[in-house]
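A.B. asks: Could you look at this predicted model? Sequence included:
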Amino acid sequence: MSAEDGDTPGVIKRFLFVNRKAPYGTIYALEALEVVLISAAFDQDVSLAFLDDGVYQVLAGNDPSGIGMKNFSPTYRALDDYDITKLYVERESLQERGLPEDGFVVPVSVVSRAEMAAIMSQQDVVLSF
Amino acid sequence: MSAEDGDTPGVIKRFLFVNRKAPYGTIYALEALEVVLISAAFDQDVSLAFLDDGVYQVLAGNDPSGIGMKNFSPTYRALDDYDITKLYVERESLQERGLPEDGFVVPVSVVSRAEMAAIMSQQDVVLSF
Amino acid sequence: MLHTVNKSPFASPTLTQCVGHLTDGAAVLLIEDAVVGATEGTASGALLAKCLKTHPVYVLRPDLMARGIGEGRLVKGVQCVDYAGFVTLVTEHDAVQSWL
Amino acid sequence: MLHTVNKSPFASPTLTQCVGHLTDGAAVLLIEDAVVGATEGTASGALLAKCLKTHPVYVLRPDLMARGIGEGRLVKGVQCVDYAGFVTLVTEHDAVQSWL
Amino acid sequence: MKIGILVNEGPYTHQASDSAYQFAVAALKAGHKVTRVFFYHDGVYNGSSLTEPPRDDRLIVERWGKLAAQYEVDLVVCVAAALRRGIREQNLAEGFRISGLGQLVEAGIQNDRLVVFGD
Amino acid sequence: MKIGILVNEGPYTHQASDSAYQFAVAALKAGHKVTRVFFYHDGVYNGSSLTEPPRDDRLIVERWGKLAAQYEVDLVVCVAAALRRGIREQNLAEGFRISGLGQLVEAGIQNDRLVVFGD
């Protein structure tokens, strides 16, 4: 498929990709990222939400070499090249996990649960993995 | 395979099948039951533990016709024919789910968490699904 | 927004998280293993009773029947729907968020 | 008995249930997504700190590294092992119970 | 109304595929159009031509194919997810086609609703 | 010591197969015998000959086969679980064999330890 396939002129929808699972234990985080990258070709209004264990996806310092897997953290840094810059991380999820509000592999906006709820409510299409 | 394959004379191990997942939402309960039935042919000392959402597996009254699946509750009643009679249901799991200590599809022993822990500690082989 | 939850609240914090993210006009639909969470006398049932003051809560009846739970055991105010009702809920809300 | 847990305690009550079923001589090994539960300043960390008074708790280091968690952030007393250590734990206990 | 569906889990193991199917049938009966069902993650296993459940069980793969034929539903298996899991043209069931992730994004754009079923 | 392993999940989707593999390698290196790895539930997908992950990814199916050949590990895919999920002789990878659930019970009886990896 190419970007042209998806170019329905005039239609720009708000897409939210909801990430709630830890990386490496399952493949959802990696395959969700693959969809996000493809969505860039369709000129939509794309946002990514990281909450619950999804916050571990964007932490810096992952090293899965010991479990024989590839580190896919660098791919998050490629999102900026595709003009995907709305990455939201939920503050309450960080706090529950004893994590600080910095040390991410990409620039993210840390938002409250109420703000995250508002972001979710504004979407046209919500993709959960 | 036949019962003969597994007949290592003199070896009788304590097998515990641990069931912690609800039926129908996933296939684990059904496929675990298939292993239990096969284990009967090997003349081992078999016990079944139902705790957490596993307690829903042995409740009477399941009717999955509306979701197009087959009701496999009657299979639990067949266990008795194979001399598999040690079925333990954890009391605390029932209480947390607002369930009474009766109304099961087969005869079970309702045990406390401490008793369940003691049962688990006595096993040679623990199969979790 | 229609929010669907498919996991048992006894096995996952997903229902709690979903309820914590509801905004005006949102509704909750419990399907698959999540339906057990709507039973009275449970922590999740209490959570839903509170949620019902501001948001409608639905349970998919075929999934409830599959798990042997009678409608009479549900928290008061929770409404049962079949798959046709699921479809109606999807069309009546502007979008659907599945909490997986 | 060696008890292994592979789920994040933030996504599942499995670790709590496992700890509630330990008997004399039992040990706990956290693998896969469960390793995040051993970090200090969390509810699961506090649970494990209490558990450590009576039972050893281990974390699989390769899984910890994969999730970007430094050993310095673990609850004091939790021991890191690699896969060889996992094997040793399995052989040193009379049986293994995987909490899936 | 035009509806798209995403299925993230394989047949039999998780209820996701069953729920998606029952939902699709109800939507079609209500007069809506289910334009596409996209199979991602383990959902690609729904497109295997080799499944053979016990005789008294439902035929998940076949019934998707029949529904697609009857109502012109586009059943798309994600190529990347499928290759990783051993689903290719040679073991692809009737009624399914293999294509790229763009088809999922497109389903989000072109339908009035996108409903996700998974684990 | 003789060790048996049960794998309940498919390759790539869950870490279970990876963890089981790394554990098996470590056990063999320590001089133990891994007599059998039994694949049940979605674990049967580990025996698919058709998986093709991206070039820079690990080859889960192949490395099981190689390990089995090097150390004489019996890789058994459960027949009932496999039929339900579309794994048959025609798409069974090298090094694996299809057999009944009795092989799992037997692995529990005949080994000193049985270690389960799943979801």
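C.D. replies: Structure received.
A.B. asks: list the contacts for residue 20?
C.D. replies: Went with chain A since none was named. A:51-54, A:128, C:14, C:17, C:99-100 (Cβ atoms under 8 Å, 6 or more residues apart in numbering or on different chains). Where C-beta positions appear, they are placed from N, C-alpha and C, glycine not excepted.
A.B. asks: sorry, should have said chain E
C.D. replies: Residue E:20 touches E:5, E:7, E:37, E:115, E:117, counting by Cβ under 8 Å, 6+ apart.
A.B. asks: what do you get if the cut-off is 10 Å, keeping everything else the same?
C.D. replies: Residues counted as contacts of residue E:20 (Cβ atoms under 10 Å, 6 or more residues apart in numbering or on different chains) are E:5-9, E:34, E:37, E:39, E:43, E:46, E:64, E:115-118.
A.B. asks: re the thing from before, within reach of chain E, which of the contacts of residue A:20 are there?
C.D. replies: Restricting these to those near chain E by Cβ under 10 Å from any Cβ of the partner chain leaves A:128, C:99-100.
A.B. asks: re the thing from before, who wins on neighbours among the contacts of residue A:20?
C.D. replies: The most crowded member of the contacts of residue A:20 is residue A:53, carrying 28 neighbours; neighbours defined as other Cβ atoms under 10 Å in any protein chain shown.
A.B. asks: Name the nearest residue to it, sequence neighbours excluded.
C.D. replies: Take residue A:53 and drop its neighbours on the chain: the residue closest to it by Cβ to Cβ, 6 or more residues apart in numbering or on different chains is residue A:22, 4.1 Å away.
A.B. asks: tally of neighbours for the one you found?
C.D. replies: Residues near residue A:22, counting by other Cβ under 10 Å: 26.
A.B. asks: pretty sure it is touching residue A:51, no?
C.D. replies: No - counting by Cβ atoms under 10 Å, residue A:22 stays clear of residue A:51, with 12.0 Å between them.
A.B. asks: how about the residue nearest the centre of chain C, what does it touch?
C.D. replies: Residue closest to the average C-alpha location in chain C (Cα atoms, centre = their mean): residue C:30, at 3.0 Å. Applying Cβ under 10 Å, 6+ apart to residue C:30 gives the contacts C:3-9, C:15, C:18, C:36-38, C:44, C:48, C:57-60, C:63-64, C:74, C:78.
A.B. asks: And for residue E:48?
C.D. replies: Counting by Cβ under 10 Å, 6+ apart, residue E:48 has contacts E:10-11, E:60-61, E:77, E:82, E:85-87, E:91-93, E:96, F:45, F:48, F:50, F:85-87, F:91.
A.B. asks: Name the nearest residue to it, ignoring sequence neighbours.
C.D. replies: residue F:86 (3.5 Å).
A.B. asks: Following the helix or strand of chain A with the lowest mean pLDDT in sequence, what is the next regular element?
C.D. replies: Lowest by mean pLDDT, DSSP states H and E among the helices and strands of chain A is helix A:3-6, with a mean of 45. Using DSSP states H and E, the helix or strand that follows helix A:3-6 in sequence is strand A:14-19.
A.B. asks: quick one: the helix or strand that comes right after that following strand near chain F?
C.D. replies: Toward the C-terminal end, the helix or strand that comes next after strand A:14-19 (DSSP H and E) is helix A:28-39. Yes - using Cβ under 10 Å from any Cβ, helix A:28-39 reaches chain F at A:28, A:30-31, A:34.
A.B. asks: Just among those, which is most surrounded?
C.D. replies: In those, the most neighbours by other Cβ under 10 Å go to residue A:28, 25 neighbours.
A.B. asks: isn't that residue right up against residue E:118?
C.D. replies: Yes - between residue A:28 and residue E:118 there is a contact at 8.4 Å, judged by Cβ under 10 Å.
A.B. asks: Name the residues contacting each of those two.
C.D. replies: In terms of Cβ under 10 Å, 6+ apart, residue A:28 and residue E:118 are both contacted by the residues A:128-129, C:100, E:8, E:40-41.
A.B. asks: With pLDDT and secondary structure as added columns, please give those in JSON lines.
C.D. replies: Compiled in JSON lines, those are given as follows (pLDDT from 0 to 100; DSSP: H, G, I helix; E, B strand; the rest coil):
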{"residue": "A:128", "pLDDT": "93", "secondary structure": "strand"}
{"residue": "A:129", "pLDDT": "89", "secondary structure": "coil"}
{"residue": "C:100", "pLDDT": "96", "secondary structure": "coil"}
{"residue": "E:8", "pLDDT": "98", "secondary structure": "coil"}
{"residue": "E:40", "pLDDT": "98", "secondary structure": "coil"}
{"residue": "E:41", "pLDDT": "98", "secondary structure": "helix"}
